[in-house]
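K.L.:
Need the 3D shape of this:
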Amino acid sequence: MNSQTINQKILNKAKTLMGERFGLMIKYFIEDTENYMREIAEGCKSKSAEMALRPAHTIKSSAAQIGADKASDIARQIEDVCREIIANGNEDYVQLEKLYNQLKSEIAIVVPELIKFC
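P.N.:
Numbers count the residues shown, from 1 in each chain. Below is the predicted model of the structure:
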């Protein structure tokens, strides 16, 4: 497993806490993240920060729980940009889309590392 992709300490803690259900948790993470990424993409396309905010928040939290630290951090940045757009009315959808693409790339790296646990 690529140590830069997945924080082994956090992943092992999640394995210990979840026990036999760990594989199912990973399966749900992969499936749900796919759906959340579609929602963020739609938010970018339709220029709706509100639409992208919730799935970014969820990815941030769930990725952190399994040690996908970089994915979690990128999702946090998406969340921050969405909140900035909503609060201040700025239209930084270029930055939002850039971060979405970074997250998409990181998820593409993380998923093959996690799928072996399903």
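K.L.:
hey, let's count contacts and neighbours off CA atoms from now on
P.N.:
Will do.
K.L.:
pLDDT below threshold where in this protein?
P.N.:
For the chain, residues meeting the criterion pLDDT under 70 lie at 1-3.
K.L.:
how far away is the residue most central in space within the chain from F22?
P.N.:
Ranked by distance to the mean C-alpha position of the chain (Cα atoms, centre = their mean), the top residue is I59 at 3.4 Å. Counting by Cα to Cα, to the nearest Å, the separation of I59 from F22 is 17 Å.
K.L.:
Please state the offset of stretch 71-82 from the chain centre?
P.N.:
Centroid separation for stretch 71-82 versus its chain: 8 Å, with Cα atoms, centre = their mean, to the nearest Å.
K.L.:
Then stretch 28-35?
P.N.:
9 Å.
K.L.:
ok, and what's touching it?
P.N.:
The contact list for stretch 28-35, computed with Cα atoms under 8 Å, 6 or more residues apart in numbering, reads I59, S62, A63, V111, I115.
K.L.:
May I ask which helix or strand encompasses S105?
P.N.:
Element membership of S105 [criterion: DSSP states H and E] is helix 93-115.
K.L.:
tell me the contacts of D73?
P.N.:
Counting by Cα under 8 Å, 6+ apart, D73 has contacts K60.
K.L.:
Go ahead and list the helix or strand containing it.
P.N.:
Mapping D73 onto the secondary structure by DSSP H and E places it in helix 69-88.
K.L.:
could you give the angle of that helix to helix 93-115?
P.N.:
On the basis of axes from the mean of the first three to the mean of the last three Cα atoms, to 10 degrees, helix 69-88 is oriented at 150 degrees to helix 93-115.
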